[in-house]
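*Asks:* sequence first, predicted model second:
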Amino acid sequence: MITITQAAAERIRQSAADAGVAPPVLRVAAKQGADGAVDFGMGFDQSRPGDTLADVEGIQVVVAAPSRGLVEGVTLDFVEIEPGDFRFIFARPGEAGAP
């Protein structure tokens, strides 16, 4: 399953509170392109039949079957890209920035 850093978990909880989403259920999705690159996405959602559900850092994470293999071992972090520019990043095992 995916790993969520403490910084990312805190920001997700804050975003959920700001949006009035309680408790936060975060859907994580991934799709591999023809060139092998993997695009990741996330958003607040609800669990659906066939989803994998896990509690990660106190956040309910759901992943649909087509994305499971692509998110396995991935770390979701919230980092400062440039001074004052914070973003979520998905780091796959072996990539630069992956723990």
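*Replies:* Now that the structure is in, tell me what you want to look at.
*Asks:* how far away is Ala91 from Ala16?
*Replies:* Ala91 sits 22 Å away from Ala16, going by Cβ to Cβ, to the nearest Å. Heads up, the C-betas are built off the backbone N, CA and C, glycines and all.
*Asks:* wasn't Ala16 part of a helix?
*Replies:* Yes - secondary structure assignment places Ala16 in a helix (DSSP: H, G, I helix; E, B strand; the rest coil).
*Asks:* okay, now it: neighbour count?
*Replies:* Look at Ala16: counted by other Cβ atoms under 10 Å, it has 17 neighbours.
*Asks:* equivalent analysis for Ala7, please.
*Replies:* Ala7, neighbours per other Cβ under 10 Å, totals 15.
*Asks:* from Asp77, how far out is it?
*Replies:* In terms of Cβ to Cβ, Ala7 sits 6 Å off from Asp77.
*Asks:* next one: Gly94
*Replies:* In terms of Cβ to Cβ, Gly94 sits 15 Å off from Asp77.
*Asks:* what about those two, which has more around it?
*Replies:* Asp77 (20 against 7).
*Asks:* in its sheet, what does the host helix or strand of the more buried one sit against?
*Replies:* Using DSSP states H and E, Asp77 sits within strand 75-82. Next to strand 75-82 in the sheet, as set by DSSP bridges, lie strand 3-4 (parallel), strand 85-91 (antiparallel).
*Asks:* of those, which stretch is the most buried?
*Replies:* strand 3-4 (a mean of 21; mean count of other Cβ atoms under 10 Å).
*Asks:* run the chain-centre distance for it.
*Replies:* Here the centre of strand 3-4 is set off from its chain's centre by 7 Å, with Cα atoms, centre = their mean, to the nearest Å.
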